[in-house]
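Student: Next one to model:
(chains A and B)
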Amino acid sequence: GQQLNQSPQSMFIQEGEDVSMNCTSSSIFNTWLWYKQDPGEGPVLLIALYKAGELTSNGRLTAQFGITRKDSFLNISASIPSDVGIYFCAGPFNNAGNMLTFGGGTRLMVKP
Amino acid sequence: NAGVTQTPKFQVLKTGQSMTLQCAQDMNHEYMSWYRQDPGMGLRLIHYSVGAGITDQGEVPNGYNVSRSTTEDFPLRLLSAAPSQTSVYFCASSYSAGPYGYTFGSGTRLTVV
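Tutor: Numbering: from 1, shown residues only, chains lettered A, B, ... in the order given. This is a model prediction of the structure:
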């Protein structure tokens, strides 16, 4: 699979702060997915992006599909303790779109 | 609606032992896949299936076998466990083979000593 680089690797923030994380690739992707993993659980899909330049929100979460199709951003506004977890970006690395590659994840910790 | 069910949740194996990780879904999803998660490396695709009787290799297939005799079940077999296979294993399913919303199981944590 192709490499997806996520940054930062970890973040420790105060409750109420906004959070921003990103994902970059050396190759073009036609779809970007953002997942959240709670401790001891499998990843859960947060947002899916299918078009360059697309900006999509899901509650306090907003994600953008970069114009170059080589990057994507996830923002969380007004963080709360339950936002704690690992956030992964992912995208398909084959033409059929059924083989996902994942970034290494951003671990978010929120201090009440 | 149970979603994707993985068993066992935890397993310790000795080097050279074999075992099968079970995965079952009740959503009538055609597409199922297995990933392994290692610290700092995200999830890596081991094998996948686009329907009963059809399987294919992912990024890291060596040391693992799969079969898909029914739509519901997609077991992952380790024929001769090695310490390098110590990992957390996730099964996922989706309605179609495209990059759409996968439903993941809660994982199996495997330790090979």
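
Student: got any ranges where the chain has weak pLDDT?
Tutor: Using chain A here. A:1-2 (pLDDT under 70).

Student: I was after chain B.
Tutor: B:1, B:97-100.

Student: who does the residue positioned nearest the centre of it bridge with?
Tutor: The centroid of chain B falls nearest to B:Trp34 when counting by Cα atoms, centre = their mean (3.0 Å). For B:Trp34, the beta-bridge partners are B:His47, B:Cys91 (DSSP bridges).

Student: could you measure it against B:Thr111, distance?
Tutor: 18 Å (Cβ to Cβ, to the nearest Å). C-beta here means a position set from N, CA and C on the backbone, and glycine is covered the same way.

Student: ok, back up a step: which ones are touching the residue nearest to the centre of chain B?
Tutor: Taking Cβ atoms under 8 Å, 6 or more residues apart in numbering or on different chains, we find B:Trp34 in contact with B:21, B:23, B:45-48, B:58, B:64, B:66, B:74, B:76, B:89-92.

Student: how about the strands of chain B, start to end?
Tutor: Using DSSP state E, the strands of chain B run over B:4-7, B:10-13, B:19-25, B:31-37, B:43-51, B:54-57, B:64-66, B:76-78, B:87-94, B:103-104, B:108-112.

Student: Quick check: which of those strands is buried the most?
Tutor: strand B:31-37 (a mean of 25; mean count of other Cβ atoms under 10 Å in any protein chain shown).

Student: For that one, list the C-alpha coordinates in PDB.
Tutor: Extracted in PDB, the C-alpha atoms of strand B:31-37 (Å, rounded to 0.1, in the frame of the first residue of the first chain):
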ATOM      1  CA  TYR B  31     -17.100  -7.400   1.400                       C
ATOM      2  CA  MET B  32     -15.100  -8.600   4.300                       C
ATOM      3  CA  SER B  33     -11.400  -8.000   5.200                       C
ATOM      4  CA  TRP B  34      -8.800  -8.600   7.900                       C
ATOM      5  CA  TYR B  35      -6.300  -6.000   9.200                       C
ATOM      6  CA  ARG B  36      -3.600  -6.100  11.700                       C
ATOM      7  CA  GLN B  37      -2.700  -3.100  13.900                       C
END
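
Student: tilt between it and strand B:43-51?
Tutor: 160 degrees (axes from the mean of the first three to the mean of the last three Cα atoms, to 10 degrees).

Student: got the residues of chain A near chain B?
Tutor: Listed as neighbours of chain B in chain A under the rule Cβ under 8 Å from any Cβ of the partner chain: A:1, A:4, A:6, A:9, A:31, A:33, A:40-45, A:48, A:88, A:90-92, A:96-105.
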